[in-house]
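Undergrad: build me a model from this:
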Amino acid sequence: MTSGAWQRSLCIVLGLALAALPPPPAAAAAGEAAGHAPPALVASTPPDYQDYSPPTGDGGDGGRDGGGGKNWLIPAIIVGAVALLALNRHLQQEKAEQRDDSEGTRQLLRDGPQLPAQFNASAFGVRGLVRGGWPIVVDYAQQRPGRVLLRIGIPGADTVSYRLDQFGLGRHVLRFELPPFLGAHLTPAVIALTAADPQTGTETIDGFSVHGIGVGPRAVGSVAVDRLEFNPALLRAQRGDTAGFAFRSQSDFDHAAVEYMQVTQSPDGVRKRYVNGQRIGPVQRDRRVESAPAQRWNGQDEQARLSAGRHQLQVRVWDEGGDWVGAWSEALVRVQGE
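TA: This next block holds a predicted model:
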């Protein structure tokens, strides 16, 4: 996606380590994990955010395929308030979990970041690999006032928490480095993103979307997968229409997958459900990846049933060094049976 395709209201680079902060009294009373705030900004637009220091908070929902532990799967719950409670509980369990994550690490290196088979776009989680000191980037848009949080949970450690709504409404790309206490080795983590009502934080809100998220040196710059295309806007299945995809990778990745998510609108956020997908092999730096004729989608799910309605392209790329990206298209394809 080019800079002309949309207007970024803010692009911020957050500096090196994260300093551990004690939880605020309200959070402590609620039993929330201690937060971690980024250091002073080293670059920002507009300049009045220069002294910004985000408070801590709470968060989200999500899971896809997985294994390697009783707490591996992220709950695939899409109802707003229930999604928030489920992911909050999952992050607390992640903090208390004591396990050998070697099998989980191997699976994520093999199969890539894991997302739920269905999730609420305003409350979801990704199971991916992290490492202390690695960069993370998130590209998101917030259209309504609310409490927007990004949280990272690993076994046996405090949850890292960022309050993103302090940057205001609009589209933002945030990049910062993960705290050293996450460890010098690759570790499976839950990365949760949530947008909730501003007063109580107990109900998800509409008007929040994540366009991309990535972890690792190869994943960042902006987000290393961009310029997503998904067309045509209308797919008439009975006429034999098919939909094609395209995207650009800014780095080399050993593996990539494209997936088709059915999307429906609800008052508590857009809901997404996986219907079909495929692995497409490695991708190369600064190359446009485009669907071959055999890779085009016919509008059917994995059981060869018509998947009517609107659909979004989801792209996952990952590297055997642990770097990974998840990205979502702005364009939608509507599948029609007649």
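
Undergrad: rest of the way, CA atoms for contacts and neighbours
TA: OK.

Undergrad: tell me the contacts of the residue nearest to E203 when sequence neighbours are not counted?
TA: Nearest residue to E203, sequence neighbours excluded (CA to CA, 6 or more residues apart in numbering): A81, at 4.7 Å. With contact set as CA atoms under 8 Å, 6 or more residues apart in numbering, A81 has these partners: 202-204.

Undergrad: residue ranges in the protein under the pLDDT threshold?
TA: 1-73, 75, 97-100, 338 (pLDDT under 70).

Undergrad: residue furthest from the geometric center of this protein?
TA: No residue in the chain sits farther from the centre than R239, which is 34.8 Å out by CA atoms, centre = their mean.

Undergrad: next up, phi/psi of that one, please.
TA: Per-residue torsions, R239: phi -90, psi 0 (degrees, to the nearest 10).

Undergrad: how near is it to D206?
TA: Applying CA to CA, to the nearest Å, the value for R239 to D206 is 35 Å.

Undergrad: V148: what's its closest spatial neighbour, skipping adjacent residues?
TA: A195 (4.4 Å).

Undergrad: so the one you found is in contact with R144, correct?
TA: No: between A195 and R144 there is no contact under CA atoms under 8 Å: 9.4 Å.

Undergrad: what sits up against stretch 192-210?
TA: The contact list for stretch 192-210, computed with CA under 8 Å, 6+ apart, reads 59-62, 80-81, 84, 87, 121-126, 138-152, 266-270, 327-328.

Undergrad: 7 Å instead?
TA: Stretch 192-210 has contacts (CA atoms under 7 Å, 6 or more residues apart in numbering) with 59-61, 80-81, 121-126, 139-152, 267-270.

Undergrad: for that stretch, measure first residue to last.
TA: By CA to CA, the extent of stretch 192-210 from end to end equals 11 Å.

Undergrad: just give me the neighbour total for P188.
TA: Using other CA atoms under 10 Å, the number of residues around P188 comes to 25.

Undergrad: just to revisit the earlier point, just the contacts of stretch 192-210: which are in helices?
TA: The helices, defined by DSSP state H, take in 80-81 from the contacts of stretch 192-210.

Undergrad: can you list the buried residues in whichever strand or helix holds V275?
TA: Counting by DSSP states H and E, the element that carries V275 is strand 271-279. By neighbour count with 16 or more other CA atoms under 10 Å, strand 271-279 contains the buried residues 271-277.
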